[in-house]
Each structure stands twice: as C-alpha cells, then as structure tokens.
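Peer 1: next comes the sequence, and after it the predicted model I'd like to discuss.
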Amino acid sequence: MIVEVVRPETVREAVSARSRPGAAYLGGGTWLNSGRAEGVAILISLERLALDGIEAGAGGCTLGAMATLQGIVDAAEAPAGLRAAAALTASRTLRNMKTLGGELGLRSADSAIIPALLALDAAVLTAGRKRALPIADFLAALPGDLIISVTVPVRPCVVRALSRTAHGTRSLVVAVSAWGGDDAAARSASRRGEEADGQPADARVIAADCRGLRMRLTDIEALLVELRRAIAPLPARERIEEAVRAEFPAGGDAHASGAYKRYMAGVYVADALRGLTDGEGA
Ligand SMILES: Cc1cc2nc3c(=O)[nH]c(=O)nc-3n(C[C@H](O)[C@H](O)[C@H](O)COP(=O)(O)OP(=O)(O)OC[C@H]3O[C@@H](n4cnc5c(N)ncnc54)[C@H](O)[C@@H]3O)c2cc1C
C-alpha cells in the first residue's frame, strides 16, 4: 500500500529517497498503481527534476526519462522507428501516462520500445554516472538506478509486433536497423574491391519472444552489412525467413506457440528489411 509520496527537487535527493525501504521512482505510475507492483510503500515523484525534454544534439536525440510515449510519438526529432514503437501502445490515454524511464525501469518482456532502442544502439544515462551506458549493458545490470535520459542515434529503424489485439500483451517484437556504407562513394569503392571511406556499415536485428528472450540475430545482421557495403543484394525473402527461424529459439505463451513465433519472426524480419530498403523508418 502506498503511504507516502515524496517530491525531491534534485537528482541527489531522489537517489537518497530511494534508499528507504519500499521506495520506488514514479514514472507515469501505470505499473506502480496497477496493483501488481509488490512491496511499494513510498513513491518518489520525478516531476520536479525536469526530465521530460526531448532534444536533438550531435550524438543523436536525447530523451528525458519522464518523456511520455505520446511525447515520443509527437517528437519530429526522435528516430521514426522509436516513434513507431511508442505508437504500438494503442491507447492514447496510456501513452500520455507511460514514460520512457518507467518502460526501462520495469523492463517489461513485451516492451516494443526496448527492442527499438537495442536496434538503434541507444545509450542510457543513470544518476551518478558521467557517461551513458550502451543499452545492452544497461539491461544486463541490476535494475534500480535512477534513469536520467536516453540518447538515440537518428537512424532508419523498422519495428513489427504481434499481439492478438492492439491492446493485448505482445507475443513477438522485431526491430531492424542498418546504417553507414550506403552512400554512392562506398558503393563504387566496394565495386572496385576497395575499402570505402566514411562510416562503416553496421546493422542490428533484434527479436523478442516477449517471454524473456530478447536477442540479436547475427546471421541476418551479417547479410545486411553485406547489402550496405554493396557486396550482396537483398537475399530472396524465403532465405531471410529461414535464416531467422533457424537463429531464433522463441518460447511459446498462451497466445502463440514457439513455432508460430519463429514463423512470424521470419515474416516480420523479411517485411522489415523490405521496408528499410524502401525507405520506411527513415
Ligand atoms: C493497464 C496496463 C496496460 C499496459 N500496457 C502495456 C503495453 O501496452 N505495453 C507495455 O510494454 N507495457 C504495458 N504495461 C506495463 C507498464 O505500464 C509499462 O511497461 C510502462 O511503460 C510503465 O511506465 P510508467 O511510466 O507508467 O512506469 P511506472 O509504473 O511509474 O514505473 C514502472 C517501473 O519503473 C520504475 N521507474 C520509473 N521511472 C524510473 C526512472 N526514471 N528510473 C528508474 N526507474 C524508474 C518504477 O520504480 C517501476 O519499478 C501496462 C500496464 C498496465 C497497468
């Protein structure tokens, strides 16, 4: 039961308040007030810490932890793939409440935002750190640190998700991004068999079975890198689908078996790659 709400004025005060038994940082409160959060007695409101900004900068777009999902959907400076992932929470009411910090604090297995952030190679800044952590390292660490902001390179990214209804729990999320090595100079250098100048080609293909497995599909990533370096054309759809199914050992749930998720992951990744090459998510 919630017995107290504290409203710190500084990050230091917020971190200090978190050391009290039963204290939790309050984002939009959709989880903390849902009756499913156990052992929470003190809410630490972050409303006075000015963490809701969304700004374009040299390293990409920086989004404060209190940025809402609707704020992300509306932010022209945010990567299109991240905006699309935020829009997958179908209810505008929920999008107006849910925050980026809450999404990362909870690390919900069926989050569509987290695969998008992984595909985009985002970095997460937490209180007390000078440098932001790569999102994969942030997710590997124990939860509990106060999330200040997330910086996301503005790159093409396409996200696809499977759920029985728009408001239902998700059973599968895939996110695909590829960048660098695709300019005319890189292509002609590659045709001449030379190393291209400029940004090296790289790619991320993330698949989540929404039951705890969230992984990079490195075989497909390698195909995409070859494509960006103009070494290979986009393979036939069937080849992409088969490669995804071979690499993704999805677990089943009440709504979708593991076999169905593997099948659909192949379909979605092939769709997403086609979307990327057609300019979707740019
Ligand atoms: C009715 C309902 C529908 C839902 N629908 C979806 C859905 O469609 N998709 C989905 O992914 N999830 C869904 N969820 C789960 C959950 O609401 C979300 O994952 C969500 O993003 C939580 O965001 P919030 O800002 O409301 O977080 P809160 O409830 O405020 O907090 C969630 C967790 O994050 C921590 N936290 C909050 N801010 C920070 C911060 N800055 N630093 C560190 N930790 C922090 C909190 O202490 C808490 O542990 C739903 C939940 C409910 C109750």
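Peer 2: Sure thing, it's come through.
Peer 1: how many neighbours does the nearest residue to Leu217 once chain neighbours are set aside have?
Peer 2: In this structure, Leu217 finds its nearest non-sequential neighbour in Val205, 4.3 Å apart by C-beta to C-beta, 6 or more residues apart in numbering. From N, CA and C alone the C-beta is placed, and that goes for glycine too. Residues lying near Val205 (other C-beta atoms under 10 Å) number 31.
Peer 1: sketch out the low-pLDDT regions of the stretch 51-200 of the chain for me.
Peer 2: 182-198 (pLDDT under 70).
Peer 1: quick check: residues of it near the ligand?
Peer 2: Within the stretch 51-200 of the chain, the positions lying close to the ligand (C-beta under 6 Å from any ligand atom) are 65, 89, 94, 97-99, 101-103, 105-106, 108, 110-111, 146-147.
Peer 1: quick one, strands of the protein?
Peer 2: 4-6, 23-26, 42-45, 54-57, 60-64, 123-126, 133-134, 147-152, 157-163, 170-179, 202-208, 214-216 (DSSP state E).
Peer 1: out of these, which is closest to Ala246?
Peer 2: strand 202-208 (12.1 Å; C-beta to C-beta).
Peer 1: what is the mean pLDDT for the closest one?
Peer 2: Taken as a whole, strand 202-208 has an average pLDDT of 96.
Peer 1: does the ligand sit close to that strand?
Peer 2: No: judged by C-beta under 6 Å from any ligand atom, strand 202-208 makes no contact with the ligand; its nearest approach is 10.8 Å.
Peer 1: touching that strand from outside, list them.
Peer 2: With C-beta atoms under 8 Å, 6 or more residues apart in numbering as the test, strand 202-208 has contacts from 109-111, 114-115, 118-121, 172-181, 214-217, 220-221, 224-225, 228, 244, 248, 250, 265, 269.
Peer 1: what lines up beside that strand in the sheet?
Peer 2: Paired with strand 202-208 in the same sheet, following DSSP bridges, are strand 170-179 (antiparallel), strand 214-216 (antiparallel).
Peer 1: is the ligand within reach of the last one?
Peer 2: No: remark: strand 214-216 sits outside contact range of the ligand, by C-beta under 6 Å from any ligand atom, the gap being at least 12.6 Å.
Peer 1: that strand - what's its average pLDDT?
Peer 2: For strand 214-216, mean pLDDT is 98.
Peer 1: how far does it sit from its chain's centre?
Peer 2: 11 Å (C-alpha atoms, centre = their mean, to the nearest Å).
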